[in-house]
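**Student:** Coordinates for the following, if possible.
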Amino acid sequence: MRLPCFGAIFLSVALSSPAQDIPSQPKAGAKVCIATVANETTVSAFLERLTDRLTKSLQQSRLTAVRMDSRTSDKYPLQLSTANGAEAKEKECDYVLVSQIRNPGQHPIETRGPEISIGGRVPSIDASDPMGGSSGPVYRENLQVAFALFRIGRFKPVVDTVVLERPSANVSDTLLPAMDREANRVGAELKRH
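**Tutor:** Residues are numbered from 1 along each chain as shown. Alright, predicted model coming up:
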């Protein structure tokens, strides 16, 4: 007959524990701030265009997404910069998304696990490629778009992964679909929470 007494004690201890031990759930319609995409490769890319595409893709997923002026840090693994944190606080964001274009060949030690590539590098047969055609195929290295989604007040990212892209002559156009895939992944993660 002591079991009901034990249950009452357990319940009172559980109710008196601090609320900070329980992770807070984001409110409905959580706001995501998007830091300007960083480019850690030797390939030129229109970073504002890529950031705008990422923002619009998230908005099309019915998320409240706001573009920030501060850029993603050049550090890897990805983390929030002081400027990202200050701007996210100013814009009252619940999450911050940081993205970085990387060349795994330039940073072989920093890669997060094996890259799977069937058949090795594929030559560019893009008709608009100035090096393709008469001079023969052009071999291009894969690029990664690394991204991490941080919940404000948390140091560990909710999402931390990479999207692999094989660039063509116009790298910015090649990376636009990568921004869409990043937005899909982030949107799916936020809808789960």
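**Student:** List the contacts of the longest helix along the chain.
**Tutor:** What stands out as the longest helix in the chain, according to DSSP state H, is helix 171-192. The contact list for helix 171-192, computed with CB atoms under 8 Å, 6 or more residues apart in numbering, reads 26, 30, 32, 37, 43-46, 49-50, 53-54, 57-58, 60-61, 63, 95, 97, 99, 101, 143, 145, 147, 149, 158-159, 161, 163, 165-168. Placement of C-beta: from N, CA and C, glycine included.
**Student:** Show the pLDDT at the residue lying closest to Ser57 once chain neighbours are set aside.
**Tutor:** Residue nearest to Ser57 in three dimensions, not counting chain neighbours: Ala183, with 3.4 Å by CB to CB, 6 or more residues apart in numbering. Note for Ala183: predicted pLDDT of 96.
**Student:** Tell me how many other residues crowd Ala183.
**Tutor:** By other CB atoms under 10 Å, 25 other residues sit near Ala183.
**Student:** next one: Pro157
**Tutor:** 20.
**Student:** Give me the sheet partners of the helix or strand Ala148 falls within and which way each runs.
**Tutor:** Per DSSP states H and E, Ala148 falls inside strand 143-151. Applying DSSP bridges, strand 143-151 is found paired with strand 95-102 (antiparallel), strand 159-165 (antiparallel).
**Student:** And the helices in the protein, which stretches?
**Tutor:** Assigned by DSSP H, the chain shows helices spanning 3-16, 47-60, 82-90, 171-192.
**Student:** Can you say which of those is nearest to Tyr76?
**Tutor:** Among the helices of the chain, helix 82-90 comes nearest to Tyr76, with 15.0 Å by CB to CB.
**Student:** Export that closest one to CSV, keeping only CA atoms.
**Tutor:** The C-alpha coordinates for helix 82-90 follow below in CSV (Å, rounded to 0.1, in the frame of the first residue of the first chain):
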residue,chain,number,x,y,z
THR,A,82,28.9,37.0,-32.8
ALA,A,83,27.4,39.1,-35.7
ASN,A,84,25.0,36.3,-36.5
GLY,A,85,23.9,36.1,-32.9
ALA,A,86,23.4,39.8,-32.5
GLU,A,87,21.4,40.2,-35.7
ALA,A,88,19.3,37.1,-34.9
LYS,A,89,18.4,38.7,-31.6
GLU,A,90,17.6,42.0,-33.2
